[in-house]
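**Student:** dropping the sequence and predicted coords here.
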Amino acid sequence: MVFVRPRAGLQPIQRPSWQSVLGAADDQDGRAIVRLSQTLRRTGQDWAVVLVVRLALVALFLSPGLFSPDVRSLPFQLALGSWFLADLAIICAHRFPRFDGIVPNGRLWIMAGLVFASALTSSLCAAMVLKTATVPLLIATLTPALPALSVIGRLRALAMALAAGASLGLFIVLPDPLLIAPYIALAGGLAILLGREYWRRSNLTTQQPAAQGALSGERAKALLEEFEQAGRGWFWETDRTGKISYISETLAAQVGRQAIDLFGTPFADLIAASGTGADSENQRTLGFHFSARTAFSDMAVRAALDGEERWWSISGRPIVTAFGQFLGFRGNGSDLTEMRRSQAEVARLASVDALTGLANRPQMMQVFEQALNSPSGRAGECALFLLDLDRFKEVNDTMGHPAGDALLRQVAQRLLRLVGSKGKVGRIGGDEFKIILPGMVEMAALAKLADAIIRSVSEPYEIDGSQVVIGVSIGIALAPTDGESTETLIRNADLALYTAKGGGRGQFRFFMSAMHAEAEDRRQLEGELRQAILTGSLHLEYQPVVCAASERVTGFETFIRWHHPVRGAISPAVFIPIAEEAGLIGTIGEWVLRTACIDAMKWPKGTRLAVNVSPMQFANPALPSIVVSALANSGLSPAQLELEITESVFLSDRDNTDGMFAHLKNLGIRLALDDFGTGYSALGYLKTASFDKIKIDQSFVRGAAQATGNRNAVIVKSIVSLAEALGMETTAEGAETLDELDFIRSLGCSHIQGFVYGRPMSMSATLQLLAEHDGHAVAQGHKSSREPRMTMLRTVTLTRGKDRYTGRIRNVSPNGALIEGLRDVPVGTTFNIEFGGRYSVNGHCRWSKEDRMGVEFDTPVSIDRIRAADKPAPVIKRDQSRPADRKRAAG
């Protein structure tokens, strides 16, 4: 290591001042000023001891019989009064705020004057009283001096004032050298002490540069080497021209040179000349400091290295002699490279989703704002996709969070492949993703991309050796058509996403202005539902559950109804989801349970009451106590109450679910698994949860009697066999026709529920049903089921041989239609029905009454083709139609 001896003589030796030797504090030393102030205050407080000693001596020497002084003389009285005033001033001065506000050094000189006056007047009084008695006079003057010096302590200015005042007072009255000799000796001793203190301080001051100069040898070299080798920093020095005169080996090694080789090189050559932003500003600022010869601190600069990025933090100050001569710069520095890399990594992590590596919410918001900003000041063209994964929660709950995380990573990779360089993909939390597509507003292209995303995300995933299938719903908003601010566009895309999920999931929707009205209507409906709960506007209806073998009514299932004063009857499918989102389902569910239990007490003994329990209610730990309270208040037997639970309750915490099942079964109530077959239908549910009944969903029951190409019958038969093997009852829901009723009985279902035995009815209607047929139900309805029909007014041509007739369709389904316009058509008559647009089908008359007949088609027809027949192809303009709108209209 090359070491350069520091230049000597840069700091001149400073001699101590006589004021500091006399006890004054350095004006730049805050601690010394505080100590002096405290010492002066303590001296004033302790001076009362001196005054007491003096008063005792005065009382002694003025006692009758000892001396006969002329105490009435004016000089004596003036001296005595001045003496008391001086001592009182010393004692009481620090109690006055005005005096205490004077700087300590000023108070020191004032106190010195008061001590001088006190010593002068006291010695004058003693000399006037004892001028003929030398020994008592010395005692009277020297005795108070001892406690006075003790009180004064290291305040040498006060000691000198005391000696000077006492000596002067004696000399004025009795100019006898023998009397003032002790005080002259005291003053001389004090002068010697002052001189010694001055010499001592001067010696310390002169030794300081020598001690510092010692660091320029081997000791300083060892200290510097140890500091630099520890990696804590390095040192540098330049001459007045800016060329390096000293540099640490550590810094030289970073630039690939020897320290001695860098001597004479401009220090600015070690700093990179180019930069951007704040880095370029630092380069210019450093050059300014060098040219202006001003100090700088902790300035980050980039090293001038090829093929490597390295950053330094440097500090420096100009070297100036006592005569103002500029000698160069001297400073230190440290390596910032690792810290800068860490900061860059932290910044990257702050803008990236740690799980998927996609942009996170803050970065996506920044990208979105940049995409909307245009040079014209108006919002730029941009498309925003909001994505929400369907059925992700089920995967997360059943397979665990690690599997859910792996699934999210795979989804992210698929989205990146599909979007590519067209836009930015980000994850904004949970299973929600966002895609920003700057400059892309062509609706056909956006619809194509959204459809590709839905198809790709819906393809199976391989997670931990298992195949997982999910879906995705997408809401789309366009700028500036749907809004010009980020808040507006995000809100509108969210409304479109909500509509897509409400339409059955796995769909995309473009934002439409009508969605605002739908959201507002939903918000208003929520408020009206709250009011309906408070005013008791909800009511219950009950649908009979019938024994398949005996047709005896064994119980009723509870249904909640809401008749709105303006809207009329509102379906539970509309207001129950609102209640779940608004947190009202618990209140509604408890009311239903309590009210139904009270109503059930009016039925014959043993008639069961079935009440649906939502997953949110099932997750409530208070559910068992609510059930117990409802049973106790109504008097209903626990064996009569049957809670219907869907398979979704098993997707939550398994331990809590099993515990809830155990609590409910211990109450003695019955449990039914509702809508079996529509959810996950894992057999593990039936093994762990002791259900009393399985309810087969109506989607398997309806149409089960149709033999051609129908597998529902096989599924229903399998469920019945499984239930019988587990000792459980079965209820087939949704039976509507007599054919379905007979077929369900043949499959072995123990109970049947559906319109064939009655729709949900009021409480009074249930009592009437039970009374009319002695507790039995009578099946009523159509013989067989048919496809749902759609109302349509359309003119058609019916051809039979060479005869042509004009008719009008009133309603139609894929398998038949109601046609009017032909009277008394014989049953079995065949026709060719022309819908127009070269679309026709053959059919035959199934029934006829006056000018109406029911026609069954020989082959199923397309309702969409019937609608489109004879209609010209519409001209679609970009700003008037959206693919999602056409899809919505078709649905």
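**Tutor:** Yes, it's here. Numbering: from 1, shown residues only.
**Student:** would you say His289 is within a strand?
**Tutor:** No: under DSSP: H, G, I helix; E, B strand; the rest coil, His289 falls outside any strand and is assigned helix.
**Student:** which ones are touching it?
**Tutor:** Residues in contact with His289 (C-beta atoms under 8 Å, 6 or more residues apart in numbering) are 295-296, 316. All C-beta spots, glycine's among them, are computed from the backbone N, C-alpha and C.
**Student:** got any ranges where the stretch 351-500 of the chain has weak pLDDT?
**Tutor:** Applying pLDDT under 70 to the stretch 351-500 of the chain flags residues 374-379.
**Student:** now the strands: where do they sit in it?
**Tutor:** For the stretch 351-500 of the chain, the strands defined by DSSP state E, counting those that start in this stretch cover 382-390, 424-429, 432-438, 461-463, 466-468, 471-479.
**Student:** redo those as CSV? Include distance to Ile271 and mean neighbour count.
**Tutor:** Listed next are the strands of the stretch 351-500 of the chain as CSV, based on distance: least, C-beta to C-beta, whole Å; neighbours: other C-beta atoms under 10 Å:
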stretch, distance to Ile271, mean neighbour count
strand 382-390, 42, 24
strand 424-429, 37, 21
strand 432-438, 39, 22
strand 461-463, 53, 15
strand 466-468, 56, 13
strand 471-479, 45, 25
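**Student:** turn these into a markdown table, columns for distance to Trp83.
**Tutor:** Converted to a markdown table, these look like this (distance: least, C-beta to C-beta, whole Å):
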| stretch | distance to Trp83 |
| --- | --- |
| strand 382-390 | 96 |
| strand 424-429 | 88 |
| strand 432-438 | 93 |
| strand 461-463 | 104 |
| strand 466-468 | 106 |
| strand 471-479 | 96 |
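**Student:** and of the ones you listed, who's closest to Ala300?
**Tutor:** Closest to Ala300 of these, according to C-beta to C-beta: strand 424-429, at 30.6 Å.
**Student:** so how far is that closest one from its chain's centroid?
**Tutor:** Centroid separation between strand 424-429 and its chain, computed with C-alpha atoms, centre = their mean, to the nearest Å, is 16 Å.
**Student:** helices and strands around it, which ones?
**Tutor:** Judged by 3 or more C-beta pairs under 8 Å, 6 or more residues apart in numbering; DSSP states H and E, strand 424-429 is in contact with helix 361-372, helix 401-419, strand 432-438.
**Student:** now what about that strand, what contacts it?
**Tutor:** The contact list for strand 424-429 (C-beta under 8 Å, 6+ apart) reads 353, 355-356, 358-361, 363-364, 367, 408, 412, 415-416, 419, 433-436.
**Student:** helix/strand/coil for Glu338?
**Tutor:** Glu338 is classified as helix under three-state DSSP.
**Student:** tell me the pLDDT of it.
**Tutor:** In this model, Glu338 is scored at 81, pLDDT.
**Student:** just Arg196 next, same as before
**Tutor:** 59.
**Student:** give me the below-cutoff pLDDT ranges for the stretch 201-350 of the chain.
**Tutor:** Within the stretch 201-350 of the chain, the stretches with pLDDT under 70 are 201-224, 229-231, 273-284, 321-325.
**Student:** can you show me the helices along it?
**Tutor:** Secondary structure of the stretch 201-350 of the chain by DSSP state H, counting those that start in this stretch: the helices cover 218-229, 249-254, 259-262, 278-292, 337-350.
**Student:** single out the most deeply packed of the ones you listed.
**Tutor:** Greatest average neighbour count among those goes to helix 249-254 (a mean of 19), per mean count of other C-beta atoms under 10 Å.
**Student:** please state the offset of it from the chain centre?
**Tutor:** In terms of C-alpha atoms, centre = their mean, the centre of helix 249-254 is set 45 Å apart from its chain centre.
**Student:** using PDB, list the CA coordinates for that helix.
**Tutor:** Output of helix 249-254 as PDB, limited to C-alpha atoms (Å, rounded to 0.1, in the frame of the first residue of the first chain):
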ATOM      1  CA  GLU A 249      -5.200   0.000  -3.100                       C
ATOM      2  CA  THR A 250      -8.800  -1.200  -2.600                       C
ATOM      3  CA  LEU A 251     -10.200   1.400  -5.000                       C
ATOM      4  CA  ALA A 252      -7.300   0.900  -7.400                       C
ATOM      5  CA  ALA A 253      -8.000  -2.900  -7.500                       C
ATOM      6  CA  GLN A 254     -11.600  -2.200  -8.500                       C
END
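**Student:** show me what it is packed against.
**Tutor:** helix 218-229, strand 234-238, helix 259-262.
**Student:** ok, Leu529 - contacts?
**Tutor:** By C-beta under 8 Å, 6+ apart, the contact list for Leu529 reads 562, 575, 578-579, 582, 584.
**Student:** need phi/psi at Ile669.
**Tutor:** The phi/psi pair for Ile669 (degrees, to the nearest 10) reads phi -90, psi 170.
**Student:** that one: how many residues sit nearby?
**Tutor:** Residues near Ile669, counting by other C-beta atoms under 10 Å, number 22.
**Student:** Thr294 too?
**Tutor:** With other C-beta under 10 Å as criterion, Thr294 counts 11.
**Student:** return the distance of Ala500 relative to Asp674.
**Tutor:** With distances taken as C-beta to C-beta, to the nearest Å, Ala500 is found 27 Å from Asp674.
**Student:** check Ala163 too.
**Tutor:** Taking C-beta to C-beta, one finds Ala163 at 111 Å from Asp674.
**Student:** which one's more surrounded, those two?
**Tutor:** For Ala163 versus Asp674, the count of surrounding residues by other C-beta under 10 Å is larger for Ala163: 26 against 23.
**Student:** wait, is that one part of a helix?
**Tutor:** Yes: the assignment for Ala163 (three-state DSSP) places it in a helix.
**Student:** tell me where the model's unsure across the stretch 601-750 of the chain.
**Tutor:** 651-655, 677-685, 688, 703-710.
**Student:** mind listing the helices for it?
**Tutor:** Using DSSP H, counting those that start in this stretch, the helices found in the stretch 601-750 of the chain span residues 615-618, 623-634, 654-666, 683-688, 698-701, 712-725, 738-747.
**Student:** export those helices to TSV and tack on distance to Gly81 and mean neighbour count?
**Tutor:** As requested, the helices of the stretch 601-750 of the chain are exported to TSV (distance: least, C-beta to C-beta, whole Å; neighbours: other C-beta under 10 Å):
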stretch	distance to Gly81	mean neighbour count
helix 615-618	98	19
helix 623-634	96	16
helix 654-666	97	15
helix 683-688	109	13
helix 698-701	120	19
helix 712-725	123	17
helix 738-747	130	19
